[in-house]
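Chemist: compute the structure for the input listed below.
(one chain, ligands or ions: 1)
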Amino acid sequence: MRSKYYLLSLIFLVGLGLTWLVIASHAANRKGLIKTSKVVIHAPKLKEKAILTYAPNVPPPMTRRHPALVEIHMISTRKVMKVKGEKEYEYWTFNDHVPGPFIRVRVGDTLEVHHNGSDNMGMPHNIDLHAVTGPGGGAPVLTVVKGESRVAWFKMTTPGLYVYHCAAPPVMDHIANGMYGLILVEPANGLPKVDKEYYVMQSEIYAKEANSAAVAPTEHEKQMQAAKSGDKDNFWGEEVATGKESNRLVFSHQDGLDEHPMFVVFNGRVGSLMNEGVLKAKVGDRVRIFFGNAGPNLISSFHVIGTIFNKVYREGDLIDPPAHGIQTTLVPAGGATVVEFHLQVPGTYTLVDHAIFRVEKGATGFIKAEGKPNYDIYSSDQDPVLCPGCLIHP
Ligand SMILES: [Cu+2]
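Modeler: As a prediction, this is how the structure comes out:
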């Protein structure tokens, strides 16, 4: 009897051991080791390159359900681009875009960041990713000047939508000049499916005329003049040409200190979501906007005129259930939110910072839904009164 008991125990223990071996070898297959000259890192064995997209585009949703080592390449640059009409500004950028690339990973992934410097002024740059746990969000180990290259590895521990930005001193100048973007860390089982996803970031631009010591009128003075003369186009923000040599605006640190931006913009410039940049959708679409606020100073009161947010993942929290039935949501400087809405009626909807004077500074853009009317939800026996060319109801 006793020997039978021992035999059963032995079989049980051997079985347990074998099961453990199978599980351990399976886990080992999924783990990889990264050996550098200084450290050894345990990271997922599966390696892939991230698909990076630029605003307003978002990389495709995650389909894998296990962690990976995800490689991204970031280059710090300077680039002169249009900021409003013909007015130019020398931006500081990641990968020649403002905002920088949208990075999409999954919780449990290890992010392998390659950062290269190409700023020909010799200015150092780095990356502080709010999705990173550890000093400076990675900034101290990613600082480069022109010609330098750095690599660092960060485990994505917590799902959410996060801002990243350059944090080289003076950090406020680097953010104000365009070095920011969003990183989405998806929950283990991904996000619910929607029809359209877009990437929008708000920021302020603290600029002044290069020759402002001369007699160049301020933006406000120009608009008041235009208003008085009945020149609506100019009042609504078309730049008044003042000569080729004055086309370049320059950064004003003092205006940043005073929190007095010349522009408050979506996706880096005035009008990025207008004309050919209008976001597109169809009637019936469920739309998700990944919305970030780079600041550097202002809090955004983000609202889409004509919609109610069905879901708001407040402050980019993808762990707790979203809020429902929200009209306007606060997005702090250096923060983000994920909003979803259902476009049930055709027409043009307007993204704004509902601190509404900022619309005149550029904080406006459109999403257009095409499709059949839905009279049960929105109808009138009157023709709509629109205001062609205006910033709110075109
Ligand atoms: Cu920088």
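Chemist: can you list the residues of the chain near the ion?
Modeler: The chain comes close to the ion at residues 125, 166, 168, 174, 179, as judged by Cβ under 5 Å from the ion. Any C-beta I mention is one placed from the backbone N, CA and C, and that applies to glycine too.
Chemist: what's the farthest-apart pair in the residues you listed?
Modeler: 168 and 179 (8.6 Å; Cβ to Cβ).
Chemist: quickly list what's touching both of the two.
Modeler: Common contact partners of residue 168 and residue 179 (Cβ atoms under 8 Å, 6 or more residues apart in numbering): residue 125.
Chemist: who's more crowded, these two?
Modeler: residue 179 (29 against 22; other Cβ atoms under 10 Å).
Chemist: pLDDT averaged over whichever strand in the chain runs longest - what is it?
Modeler: Of all segments of type strand in the chain, defined using DSSP state E, the longest is strand 69-84. In this model, strand 69-84 has a mean pLDDT of 98.
Chemist: so what secondary structure elements neighbour that strand?
Modeler: Counting contacts by 3 or more Cβ pairs under 8 Å, 6 or more residues apart in numbering; DSSP states H and E, strand 69-84 is packed against strand 47-49, strand 87-94, strand 110-117, strand 263-266.
Chemist: just send the residues of the chain next to the ion back as TSV, with secondary structure and pLDDT too.
Modeler: TSV is the format used below for these (DSSP: H, G, I helix; E, B strand; the rest coil; pLDDT from 0 to 100):
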residue	secondary structure	pLDDT
125	strand	98
166	coil	98
168	coil	97
174	helix	98
179	coil	98
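Chemist: output these as TSV; include the columns distance to residue 266.
Modeler: Output for these, formatted as TSV (distance: Cβ to Cβ, whole Å):
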residue	distance to residue 266
125	24
166	20
168	25
174	20
179	17
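Chemist: for residue 35, give the beta-bridge partners.
Modeler: With DSSP bridges as the criterion, residue 35 is bridged to residue 40.
Chemist: start the count at 25, not 1, going forward
Modeler: Right, with 25 as the first residue, what we last looked at is residue 59.
Chemist: quick check: nearest residue in space to residue 206, chain neighbours excluded?
Modeler: Closest residue in space to residue 206, ignoring its immediate chain neighbours: residue 316 at 4.6 Å, by Cβ to Cβ, 6 or more residues apart in numbering.
Chemist: run a quick neighbour tally on that neighbour.
Modeler: 30.
Chemist: list the buried residues in stretch 101-119.
Modeler: Going by neighbour count (16 or more other Cβ atoms under 10 Å), the buried part of stretch 101-119 is 101-102, 106-108, 111, 113-119.
Chemist: break the protein into its domains for me.
Modeler: 54-215, 231-275, 289-394 (automatic domain parsing).
Chemist: can you list the low-confidence ranges for this structure?
Modeler: For the chain, the stretches with pLDDT under 70 are 25-32, 34-54, 236-269.
Chemist: chain center to the strand or helix carrying the residue nearest to residue 206: distance?
Modeler: Assessed by DSSP states H and E, residue 316 sits inside strand 310-319. Strand 310-319 sits 7 Å away from the centroid of its parent chain (Cα atoms, centre = their mean, to the nearest Å).
Chemist: whatever helix or strand comes next after it versus strand 310-319: what angle between them?
Modeler: Using DSSP H and E, the helix or strand that follows strand 310-319 in sequence is strand 324-329. Interaxial angle, strand 324-329 versus strand 310-319 (axes from the mean of the first three to the mean of the last three Cα atoms, to 10 degrees): 150 degrees.
Chemist: which parts of strand 324-329 are buried?
Modeler: Buried residues in strand 324-329, defined by neighbour count with 16+ other Cβ under 10 Å: 324-328.
Chemist: and that strand, what does it pack against?
Modeler: Strand 324-329 packs on strand 310-319, strand 352-355, strand 359-366, strand 371-377, going by 3+ Cβ pairs under 8 Å, 6+ apart.
Chemist: contacts for the shortest one?
Modeler: Right, strand 352-355. Against strand 352-355 from outside (Cβ under 8 Å, 6+ apart): 226, 315-317, 323-327, 333, 336, 338-339, 361, 363, 378.
Chemist: which residue is nearest the middle of the chain?
Modeler: residue 206 (3.5 Å; Cα atoms, centre = their mean).
Chemist: beta partners for it?
Modeler: residue 187.
Chemist: touching, it and residue 225? I think so.
Modeler: Yes - counting by Cβ atoms under 8 Å, residue 206 touches residue 225, with 6.6 Å between them.
Chemist: anything in contact with each of those two?
Modeler: By the contact definition Cβ under 8 Å, 6+ apart, residue 206 and residue 225 are jointly contacted by 123, 316.
Chemist: who does the strand holding residue 316 touch, helix- and strand-wise?
Modeler: Strand 310-319 packs on strand 184-189, strand 204-210, strand 220-229, strand 324-329, strand 352-355, strand 359-366, going by 3+ Cβ pairs under 8 Å, 6+ apart.
Chemist: and residue 284, how far from residue 233?
Modeler: Using Cβ to Cβ, to the nearest Å, residue 284 is found at 14 Å from residue 233.
Chemist: neighbour count winner among the two?
Modeler: residue 233 (21 against 12).
Chemist: the more buried one reaches residue 270, doesn't it?
Modeler: Yes - under the criterion of Cβ under 8 Å, residue 233 makes contact with residue 270 at 6.1 Å.
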